[in-house]
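J.: model this:
(2 chains)
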Amino acid sequence: MMTAVQANGPQRIHRHKFTLWVAMGSMVMMFAGLTSAYIVKKNQSSWLEFNLPVLFWYSTAVILVSSFTIQMAVQAHKAREMGKYRALITLTALLGLAFLVMQIMGFLDLESNNIALTGSRSNSAASFLLVITGLHMLHVLGGVVAILFIFIRAYNSQEKAGSSLPVELAATYWHFVDVLWIYLFIFYNWIG
Amino acid sequence: MSNEAVLHAPAAAGSLDHGHGEHHEHHHHETFISKYVFSMDHKMIAKQFLITGMVWAVLGGLMSVLFRLQLGYPDSTFPWLEDLLGKWAAGGKISPEAYYALVTTHGTVLVFFVLTAGLSGTFSNFLIPLQVGARDMASPFMNMLSYWFFFAASIVMLSSMFVETGPFSGGWTAYPPLSALGDASPGSKTGMDLWLIAMALFVVSQLLAGLNYISTILNMRTKGMSMTRLPLTMWALFFTAVLGVLSFPVLLSGFILLIFDRNFGTSFYLSDIFINGVGALPNEGGSAILYQHLFWFLGHPEVYIILLPAMGIASEVMSVNARKPIFGYMAMVASMFSIAILAFLVWAHHMFVTGLNPFLGSVFVLLTLLIAVPSAIKVFNWLTTLWRGNIRFTPGMLFAIGFVSLFISGGLTGIWLGNSALDIHLHDTYFVIAHFHIVMGVASMFGMFAGIYHWFPKMYGRFMNNTIAYIHFWVTLAGAYMIFWPMHYQGLAGMPRRYYDYSVWESFKQFAELNQFISLVAMIVFAMQLLFLFNFFYSIFKGRKVTTENPWGSNSLEWTTPINPGHGNWVGEIPEVHRWPYDYGKDGKDHIPQTTPVGADESHH
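T.: Residues are numbered from 1 along each chain as shown, chains lettered A, B, ... in the order given. Below is the predicted model:
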């Protein structure tokens, strides 16, 4: 009954979507702060140059593919093809987990090549890689948890005809962590 | 998305069961827990922020009284101090470790817990839905979380005062290496761990809160409430939230690197350190200045996170009580906007003497001095709002005027400090202490007091006692100047901050009596705040009752709600807005509320 009184001109963006966009702006600031610190530090003495683990290239491909799968999941949900939708979000969550595992394996790879990430032998070049990538991994993990929530909803028969808002929110966030990783990947390789 | 849907959305906590549609006042099945503890009503959350902030203000204020005792009476002993602080004041004299812990915790608590959470937390929560015309925040659940993260931060910070090695004692800015190495000082051990946890929780609280404030102001305004019809409090709180959302994450990144240095042996901030009794540390290649950059990238916007709400409150209270439209509404908005932008571009003026490139320094001087322009515009507008006004000297109004006085006095010394050449002499002296306490500390406190006195009738349906309020105002205003004015002279004479005992320094012996005087006044002013608190809590239960919806004759929307509004704020539909909130003394009418349609015979506004 309030909608008529409320609406101020054309229908605005849903408030939760809006909040998510502001939150993503906030996260951007966090990573902007860290990568700026990285640049400052790099231009000072005793910076260790090393190549990124090869696995990071594969993990980049994995997270890219997962962006496509979640987008297809949104479209499946809108088309009410619930079987396809469930399969796609399951696939997305699995790809997300695979991404996380590959990142961890990449770190182990570095350690085994005698590039210490923490501890007294560590160089801040490697520590930065760990902290920034680790924080990004936490954000991906947050996305996986979000997918888990809508996953439970998807298998709950009463929610069959639910709104597509949760999956759209999850997809927006998922694209965000994807783009964030691509930025970081380019940054590590060619900018920083 | 309608406001109704917000209240009736299946919130995750699901503890509130509200009435439907127009029957807001009737179907409340609220338990004590859901009404007073885990409340999702923005008005209750505001009161929670306010009262938690008051507890911290008393604790933080008491700390300043204790270290002022040491500064004012360095040769005396006070046996009762040993009863209060135990081994930290053996023989009745505060130990150096305790002194530094008190100074550090005073700073942290006042800046973050009182003037950030207590000020913008209280008034954003209380005023945003009421003044934009919304039933509650965009996400009441996130709003509740934001308070409980703050509460958790408070508990952790409080507990740090009771650990064996004491709370963190390396200054509220927590510069490494003191903050990064447990062996550096007693306070750098468990106390610092707890400090970091508390601050991380606090950042989460502020982010949750800020997202909500922004989303509510931009998305939940009632019909007719265009952005330029918002009261200036809304603009101020909006810019405050934007600053917080963009700068707190950077502080968090700085803290995360600090945690790695503390706990995982990395070298982000540490290099070539030798600790007496421990030996040389293996850390190499780190830069302590890097932390300063990350810290002050938040630290400077933080100043405006503290000040902007006070500016907004002062503008609103002043216009209502001068019975005049605020002078230069758009100029006020534009100057707050430019302050918000500049806030991000001046952080290195805290670092002029760190070996910063002098050329870079001069850029920061220019940008810093630019802040004088919007600040001067605001002062001009406040003074012209008062000019030929029909002023009612309510306690809220007095504090709003006091705010302007303090903002001018403290702002002018900012122009001195913004010059990198002068800063070589003045940095880390009492001149800096005097500057930021007046312009940010006391001025924002005055904004907060103005807000509390002005909106107390809306919060509790009663008035505070005016006589006590007037005593509170005059003693606090005079006291604030008597405390901080002399510090300018001390600072010009080169007296450094953070020293434990100035009486042993030939250059500063001359200030012994002055220091005593400052300490004495500080104690009186502190006692006066207790009187204020008595007034506050007494009036909640026994104050004179509010009998009309709009006791101040104010135009903004919060005064169209019932005297004691329930969750949902308005009974029935949310009113529609037809005009800006500052139609005072227009066309011979004393005031025209925002809900009054524009009449045919009305002059243009």
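
J.: which positions in the stretch 51-200 of chain B make contact with chain A?
T.: Within reach of chain A by Cβ under 8 Å from any Cβ of the partner chain, the stretch 51-200 of chain B has these residues: B:138-139, B:142. For glycine as for every other residue, the C-beta is placed from the backbone atoms N, C-alpha and C.

J.: now do the stretch 251-400 of chain B
T.: B:252-254, B:256-257, B:260, B:264-268, B:282-287, B:290, B:293-294, B:297.

J.: helices - which of the residues you listed land there?
T.: B:252-254, B:256-257, B:260, B:290, B:293-294, B:297 (DSSP state H).

J.: redo those as a markdown table? Include pLDDT and neighbour count.
T.: Shown next, in a markdown table, are those (pLDDT from 0 to 100; neighbours: other Cβ atoms under 10 Å in any protein chain shown):
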| residue | pLDDT | neighbour count |
| --- | --- | --- |
| B:252 | 95 | 24 |
| B:253 | 95 | 24 |
| B:254 | 95 | 27 |
| B:256 | 95 | 21 |
| B:257 | 95 | 28 |
| B:260 | 95 | 24 |
| B:290 | 93 | 21 |
| B:293 | 94 | 21 |
| B:294 | 94 | 27 |
| B:297 | 91 | 24 |
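
J.: quick one: which of those residues is nearest to chain A?
T.: residue B:253 (4.2 Å; Cβ to the nearest Cβ).

J.: ok, now how distant is the spatially closest residue to residue B:346 that is not a sequence neighbour from residue B:419?
T.: Take residue B:346 and drop its neighbours on the chain: the residue closest to it by Cβ to Cβ, 6 or more residues apart in numbering or on different chains is residue B:368, 4.6 Å away. Residue B:368 sits 8 Å away from residue B:419, going by Cβ to Cβ, to the nearest Å.

J.: so for these two, which residue has more residues nearby?
T.: Comparing residue B:368 with residue B:419 by other Cβ atoms under 10 Å in any protein chain shown, the one with more neighbours is residue B:368, at 25 against 17.

J.: against residue B:342, how distant is that one?
T.: 8 Å.

J.: helices of chain A, residue ranges please.
T.: A:3-6, A:15-42, A:55-78, A:82-112, A:124-155, A:165-186.

J.: make JSON lines out of those and add mean neighbour count.
T.: Converted to JSON lines, the helices of chain A look like this (neighbours: other Cβ atoms under 10 Å in any protein chain shown):
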{"stretch": "helix A:3-6", "mean neighbour count": "16"}
{"stretch": "helix A:15-42", "mean neighbour count": "19"}
{"stretch": "helix A:55-78", "mean neighbour count": "19"}
{"stretch": "helix A:82-112", "mean neighbour count": "18"}
{"stretch": "helix A:124-155", "mean neighbour count": "19"}
{"stretch": "helix A:165-186", "mean neighbour count": "20"}
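
J.: quick one: residue A:172 and residue A:19 touch, right?
T.: No - if you go by Cβ atoms under 8 Å, residue A:172 and residue A:19 don't touch, sitting 11.2 Å apart.

J.: skip the chain neighbours and tell me the closest residue to residue B:424.
T.: Leaving aside its sequence neighbours, residue B:424 sits nearest to residue B:353 (Cβ to Cβ, 6+ apart; 6.2 Å).

J.: I'd like the distance between the nearest residue to residue B:538 once chain neighbours are set aside and residue B:544.
T.: Closest residue to residue B:538 apart from its sequence neighbours, by Cβ to Cβ, 6+ apart: residue B:465 at 7.4 Å. Residue B:465 is 8 Å from residue B:544, where distance means Cβ to Cβ.
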